[in-house]
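Student: Everything below, folded, please.
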Amino acid sequence: MRIRGLIFDLGGVAVEWSNAVTYDYIEKKYGIPSAEFKRGAEKGMPRVQTGEESEERWMSETFRRFGSVPEGAGEIWGTTFEAAHYNEETIKLVKRLRQRGYRVAALSNLEPSRARWLRRHGIDELFDVVVFSCEVGVRKPDLEAGKPSDLAVYRLTLSRLGLEVKECIFIDDNSNCVAAAESMGLKSILFKNAAQVEADLREVDVEPDARRG
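Tutor: Below you'll find the model as predicted:
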C-alpha cells in the first residue's frame, strides 16, 4: 500500500527543546540539584501530559518535596520553555512533503504550557493534524517489558489523518515510542537528523520533491 501520511514527533525532532534547561534553572535559582528535581518531576509528568493533574499542582508538589514552594512555581515550566525553537531542517522537510500532497501530523507527549507555546508559534499552520497528549488525554506509551502498550494515541492520530496504519510512517527520536508504534504495524523511523529521515523516506519511495528527468 502506498505511503500517504507521515507522523512526526516534536521534541528533539521538529522542535529543539530540553527539559535540562528547566532543571538547570531550578538548580541555579533554588539550589535544588537538577538530577534530584528531575527524578521527582518525572514521576508526575505522565499525569500532567494526559490532563489528569494541573501543571501548577505538579510543579508545586515537586518543589514541596525539597522544602518550601517558591512564589510562581507553577509557571516555571512554561517560562523556561520560551527559548525553544523549531528545527528548521525538519520543518523544511515537513513543508516539502505537504507540497507533494502527503498528509503530515504532529504527535507529542506534552504539558499544557508547551502546547500553548506551540499554538502561539504556528504549529497548526505547519501540520495538517496536531495531537497533543495533554489535550486528548492519552500519550505515547513508555514500553515496559512484559506489559501491553496503550496504543490509543497512534490510532487517534491515524483517524484524524483519515489514513490506515499501512499508509503512514511514524518518526520519533525515542526508541520506545518507535517500538510501540511498530508493534501495531506502523512503519517507523528513529530520528537522528532531518537529512537521515529524508534518505530513509526515499528508501521506501516517499519523495519530498518531484522526481527529475
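
Student: Break down this protein into its strands, ranges please.
Tutor: Using DSSP state E, the strands assigned to the chain run over residues 5-8, 15-16, 85-86, 103-108, 129-132, 168-172, 187-190.

Student: Of these, which is nearest E75?
Tutor: Ranking these by proximity to E75 (C-beta to C-beta) places strand 129-132 first, at 19.0 Å. C-beta coordinates here come from the backbone N, C-alpha and C atoms, glycine included.

Student: in its sheet, what does the closest one sit against?
Tutor: Looking at strand 129-132 with DSSP bridges, its partner strands are strand 103-108 (parallel).

Student: could you check the angle strand 168-172 makes with the partner strand?
Tutor: 30 degrees (axes from the mean of the first three to the mean of the last three C-alpha atoms, to 10 degrees).

Student: Mind putting the strands of the chain into JSON lines with mean pLDDT and distance to Q49?
Tutor: Below are the strands of the chain laid out as JSON lines (pLDDT from 0 to 100; distance: least, C-beta to C-beta, whole Å):
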{"stretch": "strand 5-8", "mean pLDDT": "98", "distance to Q49": "17"}
{"stretch": "strand 15-16", "mean pLDDT": "96", "distance to Q49": "15"}
{"stretch": "strand 85-86", "mean pLDDT": "96", "distance to Q49": "21"}
{"stretch": "strand 103-108", "mean pLDDT": "98", "distance to Q49": "9"}
{"stretch": "strand 129-132", "mean pLDDT": "98", "distance to Q49": "9"}
{"stretch": "strand 168-172", "mean pLDDT": "98", "distance to Q49": "15"}
{"stretch": "strand 187-190", "mean pLDDT": "98", "distance to Q49": "20"}
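
Student: Which of the ones you listed sits closest to S54?
Tutor: strand 129-132 (15.4 Å).

Student: Which residues does that closest one contact?
Tutor: 103-108, 110, 115, 118, 123-124, 153, 156-157, 160-161 (C-beta atoms under 8 Å, 6 or more residues apart in numbering).

Student: Distance from the chain centre to that strand, please.
Tutor: 10 Å (C-alpha atoms, centre = their mean, to the nearest Å).

Student: now swap in stretch 162-170 and tell me
Tutor: The answer for stretch 162-170 is 18 Å, by C-alpha atoms, centre = their mean.

Student: cool, and stretch 118-136?
Tutor: Counting by C-alpha atoms, centre = their mean, stretch 118-136 comes out at 10 Å from the chain centroid.

Student: Where neighbours are concerned, which of the contacts of strand 129-132 has the most?
Tutor: L107 (29 neighbours; other C-beta atoms under 10 Å).
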